[in-house]
Every structure is written in structure tokens, then in C-alpha cells.
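# here's a sequence, model it:
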Amino acid sequence: MSVVLSRRNFRNQEGVFALAARSEGATKWPRGLVYGRQVRDVLVVNRGAALLRTEFHVVDQVADLALGAEPKKLGDAAGRLLTLDDGTRLEVAVSSQDASRLDALSRPRQTLSPEGSV
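Residues are numbered from 1 along each chain as shown. Below you'll find the model as predicted:
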């Protein structure tokens with residue numbers, strides 16, 4: 001019972017959205033949804049029954065992805081191909097309302113000099 005309440009409380013937090021993620025080229029979407037949120041240019045993904053497994057993905061680029069077969073639990077899904085800082089690519093499906101959250105991850109970054117000026 002506490003796992004159900006934990007998941008419910010977690011997904012009702014500000015900025016949390018449901019997604020399905022798989023490595024590039026995989027043939028099937030995972031059965032269960034995971035929950036993510038954006039923290040600057042990092043996609044924070046929580047997995048597992050109680051959402052205790054946390055993954056951090058630093059995103060370099062975001063591109064549109066045509067979904068052949070949509071994940072079952074997302075309904076009207078939009079696809080994005082995320083290129084991470086280590087070169088790994090993830091295929092991510094989110095609801096069409098949450099697609100702008102993933103698009104915001106690819107904003108250009110500022111490089112600061114040691115003095116703090118841009």
C-alpha cells in the first residue's frame with residue numbers, strides 16, 4: 001500500500017511527467033512507465049516499483065522522432081531522440097503536452113569564464 005501512495009505522491013509533484021525510454025534501435029517499448037523531470041539540462045528519471053532508482057542524463061541534443069508503434073500507456077505520444085553528453089542516444093516517448101519539456105533540454109548553454117563573466 002505504501003508503494004502505491006509513494007508513486008502517487010511522486011507523480012503529483014510539480015514538473016514530473018510520465019515517459020517511456022529505450023535505447024536507440026530497440027524494437028519494443030518497456031511495459032511500465034517511468035517518471036522524469038527536467039533540472040536545467042539534465043533529465044532526471046525515476047524507475048522501479050517505488051520510483052527509488054534514479055538516473056541522471058545530461059542532454060546535448062533533442063530531435064524529433066517518428067514513433068512507429070506508440071507505447072500503450074501514453075496515448076497521444078510524441079517521440080524525441082535524445083543525444084546524451086557521452087554520445088549515447090535514447091528514444092523517448094512522452095505525451096504531446098509534455099514534449100516541450102524535453103525540447104527545453106536542448107537549449108544552448110553559456111560558458112562562463114573563471115572570472116564569472118560570459
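
# now the helices for the protein?
Taking DSSP state H, the helices of the chain run over residues 2-11, 99-103.

# least reliable of the ones you listed going by mean pLDDT?
For the helices of the chain, mean pLDDT drops lowest on helix 2-11, to a mean of 59.

# model confidence score at the residue nearest to Asn46 when sequence neighbours are not counted, please.
Leaving out its chain neighbours, the residue that sits closest to Asn46 by Cβ to Cβ, 6 or more residues apart in numbering is Tyr35, at 5.0 Å. For every residue, glycine as well, the C-beta is placed using N, CA and C. At Tyr35, the model reports a pLDDT of 88.

# and the gap between Tyr35 and Leu52?
Distance of Tyr35 to Leu52, given as Cβ to Cβ, to the nearest Å: 12 Å.

# then Val39?
With distances taken as Cβ to Cβ, Val39 is found 18 Å from Leu52.

# same question, Glu24
Glu24 is 26 Å from Leu52, by Cβ to Cβ.
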